[in-house]
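> structure of the sequence below:
(one chain, ligands or ions: 1)
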Amino acid sequence: MGILAFGLFACASGQPVETAPLPATEAAQVTPPEPATTESLLATLSVSPTTLPIISEPPAPLSQYTINATLDYDAHFLTVEEQITYFNNSGVSIPDVVLLVEPNRYQGAFHLQSISWKDGADITNYTLEGPVLRIPLEAALPPGGRLDVNLSFESNLPAQEAPYGYTERQSNLGDWYPFIPPYNSAGWLIREFSGQGEHLAYESADFLVNFRLANTNTASGQPLIIAASAMPETAGETQQYHLEAARSFALSISPQFLVQETLVGEVTVKSYTFPFHAAADEPALQETGKALAAFSEIFGPYPHQSLSVVEADFLNGMEYDGLIFLSHAFYEFYTGDQKSNLTIISAHEVAHQWWYGLVGNDQANEPWLDEALSTYSELLFYEQVYPQLTSWWRENRIDFHEPQGWVDSTIYEFGPQGFYPYRDAVYLRGAMFLGDLRQTMGDEAFLAFLRDYLQQFAHRQATGEDFFSLLAKHSTADLSGITDAYFANR
Ligand SMILES: [Zn+2]
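Below you'll find the predicted structure:
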């Protein structure tokens, strides 16, 4: 993610709204979106039918996170036991173990109660400094080696409008448990927090989460509703979830959620909204479902069995595997048609299921790899689902901002107030770069490249070098003029 809700484009500055707002719906079950037809995509992309890629299997076995958590909603207090089974899939020996503990960025908010090896022996020689928990090893962990770490901890959620924290109407659990980041020949992939964008990188892992509410109602008696990265497999006090080959597992809890549901193929799409702007609720579900169908056809199958789209009590969109947040502002400023941030950002966050969820990257130093692709995917969505609006998308999403800056900027280059310059360089110029690339290569080669990129790097980490090395295999055109125009370091 990282998309601020306000001032994104011209509809906020007086573009006429051509259609009346859709009627509000209270239906719990909504009609499934029209399936996108192969003809519409092929007509748009001018390519002959191509077999969809088989997404490569993850390196087996993946690391596993088993998390038993209890949330006291009114106290904003989490009690967690976590078992990590880690497999060294890096290909090199690892000298120590690092866990990233994002909740420990907040003063006094994280209390590690115990940490031990699988045999129960306490780990006493660890250090915990800010978000980095480091455990020295007596002997390096060889490639393919396994480690088991057990933790128990408590967290006080911070009061903040963010993907991790609580507000008056919602508690959000994004990046809420310690996890082991990717390791490569340069060491652990750990990046500093920045005011802009995301700084974390993740390996694909399997999750088993048992989640319990200390009280199923709020103190004032309202039942609590849980949105999660997967659908619960058990009814009752403890909700059990499985999510496989994913970068993360997120939840959002609120007593105010209205829930709607639809099916896209075999994927359950659930929407969770606040009861303030009913006209936008069903469109949020429908656009999410249409984006899921479109990208499954363009890129390759969606890898999970469900997708939750959650109205966020903060000003951003944000992606996690199986769960996307859309700011309440997108609902509030829904125009009644697809010329809306609600539509654009639904498509954007759904696209991250491929460009973030499947293909991982260093989001801090190479944010363009997931953000430029997700922004350009918005156009692919419009081409397939609302082809009459592609010019509108380009004019309002890109041209209106007259974007400047290098696509290969990091999240650290723009200062604390620099979201718009960051977005312009990485997201918008990134999408322009991909558009120029497509024009030069031709639709067929461009699509074949995207699918191959997905196939090669699904469940792995891709770098800019990987991107361009693979690109060279799909195009004999001289691309130096394009890369010179958009990249500072190519
Ligand atoms: Zn994004």
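
> check whether the residue of the stretch 201-350 of the chain found nearest the ion sits in a helix, strand or coil.
Using CB to the ion, the single residue of the stretch 201-350 of the chain nearest to the ion is His348, 5.5 Å away. From N, CA and C alone the C-beta is placed, and that goes for glycine too. Following DSSP: H, G, I helix; E, B strand; the rest coil, His348 is assigned to helix.

> strands of the stretch 151-300 of the chain, start to end?
Under the criterion DSSP state E, counting those that start in this stretch, strands of the stretch 151-300 of the chain are mapped to 164-167, 170-173, 183-184, 187-188, 205-213, 225-228, 238-246, 251-254, 258-264, 267-273.

> what about this protein, any weak spots by pLDDT?
The model of the chain has pLDDT under 70 over residues 1-57, 59.

> could you rerun that using 90?
Applying pLDDT under 90 to the chain flags residues 1-60, 108, 119, 185, 194-197, 234-237, 316, 415-419, 490.

> centroid residue for it?
Glu319 (2.5 Å; CA atoms, centre = their mean).

> I'd say it and Ala347 touch.
No: counting by CB atoms under 8 Å, Glu319 stays clear of Ala347, with 11.8 Å between them.

> quick one: Gln256 from Pro58, how far?
From Gln256 across to Pro58, the span is 37 Å (CB to CB, to the nearest Å).

> export stretch 405-421 to CSV, keeping only CA atoms.
This file holds the C-alpha atoms of stretch 405-421, laid out as CSV (Å, rounded to 0.1, in the frame of the first residue of the first chain):
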residue,chain,number,x,y,z
GLY,A,405,11.1,11.7,-9.5
TRP,A,406,13.0,8.4,-9.9
VAL,A,407,11.1,5.2,-9.9
ASP,A,408,13.9,3.4,-8.0
SER,A,409,13.7,5.8,-5.0
THR,A,410,13.7,4.3,-1.5
ILE,A,411,11.2,5.1,1.2
TYR,A,412,13.8,7.2,3.0
GLU,A,413,14.4,9.9,0.4
PHE,A,414,11.4,12.2,0.8
GLY,A,415,11.4,13.4,4.4
PRO,A,416,8.6,13.2,7.0
GLN,A,417,6.0,15.1,4.9
GLY,A,418,7.0,13.5,1.7
PHE,A,419,4.2,11.1,0.9
TYR,A,420,3.1,12.8,-2.3
PRO,A,421,6.7,13.1,-3.8
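
> identify the residues contacting it?
2, 4, 7, 192, 194-199, 363-368, 372, 401, 404, 422, 424-426, 429-430, 433, 464, 486-490 (CB atoms under 8 Å, 6 or more residues apart in numbering).

> one more time with 7 Å
By CB atoms under 7 Å, 6 or more residues apart in numbering, the residues outside stretch 405-421 that reach it are 4, 194-197, 199, 364-365, 367-368, 372, 422, 424-426, 429-430, 433, 464, 486-489.

> phi, psi of Asn489?
phi -120, psi 60 (degrees, to the nearest 10).

> ok, it - how many residues close by?
8 (other CB atoms under 10 Å).

> not counting sequence-adjacent ones, nearest residue to it?
Of all residues not flanking Asn489 in the chain, Asp408 sits nearest, at 5.7 Å (CB to CB, 6 or more residues apart in numbering).

> in stretch 406-417, what's buried?
Trp406, Val407, Asp408, Ser409, Thr410, Ile411, Tyr412, Glu413, Phe414 (16 or more other CB atoms under 10 Å).

> also stretch 127-144?
Leu128, Pro131, Leu133, Ile135, Leu141.

> ok, which pair from these is furthest apart?
Pro131 and Leu141 (21.4 Å; CB to CB).

> hang on, Tyr422 packs against Ser194?
No: with contacts counted by CB atoms under 7 Å, Tyr422 stays clear of Ser194, the gap being 9.0 Å.

> could you tell me which residues of the stretch 351-490 of the chain lie near the ion?
Residues of the stretch 351-490 of the chain lying close to the ion by CB under 5 Å from the ion are Glu371, Ser374.

> ok, now with 6 Å
Contact residues (CB under 6 Å from the ion) of the stretch 351-490 of the chain with the ion: His352, Glu371, Ser374.

> which of these has the largest number of neighbours?
In terms of neighbours by other CB under 10 Å, these top out with Glu371 at 32 neighbours.

> residue contacts, it?
Contacts for Glu371 (CB under 7 Å, 6+ apart) come out as Val426, Tyr427, Gly430.
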